[in-house]
Each structure stands twice: as C-alpha cells, then as structure tokens.
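> take a look and give me a structure for this.
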Amino acid sequence: MAKLKPSRGAPHARILGVGGYRPTRVVPNEVILETIDSSDEWIRSRSGIATRHWANADETVAAMSLEAAGKAIADAGISAEQIGAVIVCTVSHFAQTPAVATEIADKLGTDRAAAFDISAGCAGFGYGLTLAKGMILDGSAQHALVIGVERLSDLTDLTDRATAFLFGDGAGAVVVGPSKEPEIGPAVWGSEGDKSETIKQTVPWTAYRDGDAPEKFPAITQEGQAVFRWAVFEMAKVAQQALDAAGLCADELDVFIPHQANMRIIDSMVKTLKLPDRVVVARDVETTGNTSAASIPLAMERLLATGEARSGDTALIIGFGAGLTYAAMVVTLP
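The predicted model follows:
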C-alpha cells in the first residue's frame, strides 16, 4: 500500500493580526423608534444597544471586508501575497455564486489564494477560525485570512418590534499563521438543528421564483425568549467546555469576548462562568449592535485599539446563533 507524505504544517497556530471596519453612518435608537412602538429606555434595557452602524450603498460586503482585511494584514506584518486562504463568514452576501471571498482574495492581491464563504450565522467567525487553524497545522496554507462581515441592515424588518433595533453592519478580520506554542485552543463547536426555526429568514429566495414572495423583502426573525434562554443556559456550558479543553480555569483568563448579541446575555454568562472582576469583558454591542459573524473580531479589534486588552492576553471567545450553531475557544490576542 502506498504511503502519503506527512504534512509539513506548523506545530501550532496563532492570530497574528486583527482589523475592523465600521460603516460611517451611526444610527441611534431614535431612528429605530420612527417605525416601531417602543422607547429608547426599553431598547436599552432589553438589549443594551444605544447605537449601531448601517452601511451606505458603497459599503458593500466586499468593500467592508477589504478595509478590515487590509488592516489585519498590516497588523500581522505580512504581505497579501503570503495569504494562502481567504475565508469569509457571512449570511448577507446575496449572490449564490461566486463566493465573495474570491473577489476579496483577488482585490487584496493574494497569489491565487484558496477562497470560500461559510454560512454559520453568529458562530461563523469561530467556525472560520477553526478551519484556518487546521490549514496552518496541515500545511495547506502558511497564513489564512478569516473575515466576519455582515450587512444585516439589508435583512432587518424595521417594523418588527422584536428585531428592528438589534442588527448592525460591519466587518472584522484576523490573520492566522504559524506558532511555536499553542495559541488557539481546541474548538468546542456544534449545532442544534432541532431549534433552527428560532432564528430564520422570513421567506426563502425561491419564493420570488415561485411567485409566493410577500411585498416585504426577506428579513431575519427570531423567537426572542427561546433564543435568550438557550444562549444564557446552554452557551455558558459551552464556554466552560472551551476553558476545560484549553486546560485553563476562569481565574487564568484576561479577556472574555462573547458574541455581541445582547448585553443581558453577556452579563449572565459572566456571572455563570464566575469570571473575576479583573477580566476585561467586551461590550461592543452598546455602540455596534449585533453584527453576527463580524461581532467577535470587531469587539477584539476595539479592545486592543483602546488598550483595554493587550497583545499576549488570554481570551475566551464564543459565538452562537442561527442554526442554532455555536463555537468557542481560547486564544492568545495578537
């Protein structure tokens, strides 16, 4: 029997650089209140959100991705030609094919990097980071670019009181490369498809082909209470499993970067995990809203930019959402 050559990948992988892009338009709650019967106090108490960013016509999924990716590549201290794979995590690129990752790889100036999109909702970034790590360890890429990007304003029903205030737009990116030490821990990831109806698109695209489409453009809808209970009770368990898989306890963490879905969910997870007060907790949701796959890298970038977190800090990240999907791991910040 013929034997394959062993892979020549790195012994470990790490995040080398991070970049983010937030659209120029800042949308306060007052704008949302023009189309729903609510109040600023109610929105803040339910979600912790005060403002969010919405993209203009020029701030496309590709354009925002290129901005964030360029910053991440510069932060990593490498050139675009050294990127061997581009992974774009998004649910708001509306062309079925080709993948927007191919356009991004070309415009960045990579040397014909492998490029593909993945759709895993708010867990997308964790999924992409896990795939990138595998590439580095396997040797199929020396450096991989992971982008989380969303234009959720395109999928928001502004008359839906339960979701109109939640979503924002933006892009976050990281470069993953080789490391001599383990700096991206084992992923604890999975899905609960029996709960897929709790977060979904209102109608499929085929409704337009079949003549069954409603007047409103498809939007994201969710069963708020069911999602909240799942996130609070089940995702804290997943976060703890990620700590266990990395061989760490809560006292050894420096930073906690959960998906920026809801401030109450974040605060509940902090309490359940019994994180020490000294642990820096990302609360980017207040000014950025829920940006799905982009939320973790955007929050990471902001913590590093403001100095709240530092290079070399140990951070627990966890994403969770539509599917229902989830992914958590411990990483060393770039």
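> nearest residue to residue 302 other than its sequence neighbours?
In this structure, residue 302 finds its nearest non-sequential neighbour in residue 284, 5.5 Å apart by C-beta to C-beta, 6 or more residues apart in numbering. Bear in mind the C-beta positions are built from the backbone N, C-alpha and C, glycine included.
> over to residue 227?
Here the nearest residue to residue 227 in space, its sequence neighbours aside, is residue 198; by C-beta to C-beta, 6+ apart that works out to 5.3 Å.
> for that neighbour, give its distance to residue 325.
In this view, residue 198 and residue 325 are 12 Å apart by C-beta to C-beta, to the nearest Å.
> can you check residue 87 too?
To residue 325, residue 87 is 15 Å away according to C-beta to C-beta.
> what do you get for residue 59?
Separation of residue 59 from residue 325 (C-beta to C-beta) stands at 26 Å.
> so the residue nearest to residue 227 makes contact with residue 220?
No - in this structure, residue 198 is not within contact of residue 220 by C-beta atoms under 8 Å, at 11.4 Å.
> neighbour count: the two, which is higher?
Neighbour count, other C-beta atoms under 10 Å: between residue 198 and residue 220, residue 220 has more, with 24 against 20.
> the more buried one contacts residue 163, doesn't it?
Yes - in this structure, residue 220 is within contact of residue 163 by C-beta under 8 Å, at 6.4 Å.
> now do the shared contacts for these two.
Common neighbours of residue 220 and residue 163, using C-beta atoms under 8 Å, 6 or more residues apart in numbering, are 156, 157.
> in the stretch 1-150 of the chain, which spans are helices?
29-32, 40-47, 61-76, 100-108, 124-138 (DSSP state H, counting those that start in this stretch).
> for the first one, what is the distance to the chain centroid?
Spelled out, it's helix 29-32. With C-alpha atoms, centre = their mean, to the nearest Å as the basis, helix 29-32 stands 24 Å off its chain's centre.
> same for that helix, what does it pack against?
In terms of contacts (3 or more C-beta pairs under 8 Å, 6 or more residues apart in numbering; DSSP states H and E), helix 29-32 is packed against helix 40-47.
> next, count neighbours for residue 305.
12.
> would you confirm that residue 297 belongs to a helix?
Yes - under DSSP: H, G, I helix; E, B strand; the rest coil, residue 297 sits within a helix.
> give me the distance between it and residue 65.
As judged by C-beta to C-beta, residue 297 and residue 65 stand 11 Å apart.
> shared neighbours of the two, which are they?
With C-beta under 8 Å, 6+ apart, residue 297 and residue 65 have common neighbours 147, 173.
> from what I can see residue 149 touches residue 87, true?
No - using C-beta under 8 Å, residue 149 is not in contact with residue 87; the gap is 11.1 Å.
> who's more crowded, the two?
Legend: neighbour count by other C-beta under 10 Å for residue 149 and residue 87, higher for residue 149 (37 against 29).
> let me know the pLDDT of that one.
You'll see residue 149 listed with a pLDDT of 98.
> same check on the one 5 residues further on?
Predicted confidence (pLDDT) at residue 154: the value is 97.
> so it is in contact with residue 90, correct?
No - in this structure, residue 154 is not within contact of residue 90 by C-beta under 8 Å, at 11.3 Å.
> more neighbours: which of those two?
With neighbours defined as other C-beta under 10 Å, residue 154 and residue 90 compare such that residue 90 has more, 28 against 17.
> and that one, how far from residue 66?
13 Å.
> ditto for residue 318
Residue 318 is 27 Å from residue 66, where distance means C-beta to C-beta.
> of those two, which one has the most company?
More crowded of residue 318 and residue 66, by other C-beta under 10 Å: residue 318, with 27 against 20.
> which one is that one nearest to, not counting chain neighbours?
Nearest non-adjacent residue to residue 318, counting by C-beta to C-beta, 6+ apart: residue 328, 3.8 Å away.
> what is the one you found paired to in the beta sheet?
Per DSSP bridges, the residues bridged to residue 328 are residue 188, residue 318.
> check contacts around it.
126, 187-189, 235, 238-239, 241-242, 316-319.
> which among those end up buried?
Neighbour counting by 16 or more other C-beta atoms under 10 Å classes 126, 187, 188, 189, 235, 238, 239, 242, 316, 317, 318, 319 among the contacts of residue 328 as buried.
> phi, psi for the fifth one please.
Geometry field for residue 235 lists phi and psi as phi -70, psi -30, criterion degrees, to the nearest 10.
> who's in contact with it?
Residue 235 makes contact with 258, 265, 269, 318, 320, 326, 328, according to C-beta under 8 Å, 6+ apart.
> try it again with 10 Å
By C-beta atoms under 10 Å, 6 or more residues apart in numbering, the residues touching residue 235 are 258-259, 261, 265, 268-269, 272, 318-321, 324, 326, 328.
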